[in-house]
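Engineer: sequence and predicted structure below; questions after.
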Amino acid sequence: MRLNCDLGESYGSWTMGLDAEVMPHIHQANVACGFHGGDPVTIRKTLRLAAAHGVSVGAHPAYPDLVGFGRRSMALSRDELVATLLYQVAALDGMAASEKVQLDYVKPHGALYNDMMADSEVRAGVLEAIACYHRPLQLMLLATPNADAHRAEAAAAGVAGLLFEAFADRCYDDSGALLSRRKPGAVHSRERTLEQVRQLISEGTVTSVSGERLPLAADTLCVHGDNIEGVRAIEAIRAIVDEA
């Protein structure tokens, strides 16, 4: 099991996250591409941090919504969505290559990630963008009970592979989707987060909001390092992963 974290999201004088503190404890860095967060200087610093710690790098593209931090859905046409993704991925890939860092995968951000999981048309656009890139890249998406169907979609689109992720600190509904943040208990306490990590690693399941045990075949766990408490939680999660 690997740990991934959204990084490089600071912009100008606005700071988001504790990237330098987080990077030593993760395996995969999802680097913002400038459309929801991240500016050229921040992106370059983040790529250099990843290289220094031997961390795999993925592009973290979003809807063009810098003001809303990419958390608002946008009604893009299929062509607009594909071009928007290619633009962001290519920009990050070029900067990464200049730092002798290889870009390995793509993980959409925020509303685009949620829309991709809920809407097959959006997901098809994301798959098309990755499939038509000039070299193979994997797509990171939510691990759900529909993993086999998602694998079939990716294979039909010509995508090199999928990375399924689970969320260490989020509660799941009975369908295997993340419980809306608007609902009570959507984000776990530190104690419950560590319990969920242990359960995912030992059993390959999570316990849903109603108490059901759901099978989730996850390759990677998403963690968040927005504050020092989050960094401490990542350290504890990494210890559990390393002991497994």
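Structural biologist: Everything's here; your move. Predicted, not measured: the structure shown is a model, and the values here were computed from it.
Engineer: relative to Thr15, how far out is the nearest residue to Ala32 once chain neighbours are set aside?
Structural biologist: For Ala32, ignoring the flanking residues on the chain, the nearest one in space by CB to CB, 6 or more residues apart in numbering is Gly38 at 3.2 Å. Every C-beta, even on glycine, is put in place using the N, C-alpha and C of the backbone. Plainly put, Gly38 is 12 Å away from Thr15 if you go by CB to CB, to the nearest Å.
Engineer: more crowded one of these two?
Structural biologist: Neighbours per residue, other CB atoms under 10 Å: of Gly38 and Thr15, the larger number sits with Gly38, 24 against 11.
Engineer: name the SS class of that one, please.
Structural biologist: Using DSSP: H, G, I helix; E, B strand; the rest coil as the criterion, the local structure at Gly38 reads coil.
Engineer: wait, what's in contact with it?
Structural biologist: Shown here is Gly38, whose contacts under the criterion CB atoms under 8 Å, 6 or more residues apart in numbering are 8-11, 31-32, 46.
Engineer: phi, psi of it?
Structural biologist: phi 90, psi 130 (degrees, to the nearest 10).
Engineer: what of Leu178?
Structural biologist: The phi/psi pair for Leu178 (degrees, to the nearest 10) reads phi -70, psi 140.
Engineer: where does it land on pLDDT?
Structural biologist: With respect to pLDDT, Leu178 scores 89.
Engineer: name the nearest residue to it, sequence neighbours excluded.
Structural biologist: Counting by CB to CB, 6+ apart, the residue nearest Leu178 is Arg170, at 5.0 Å.
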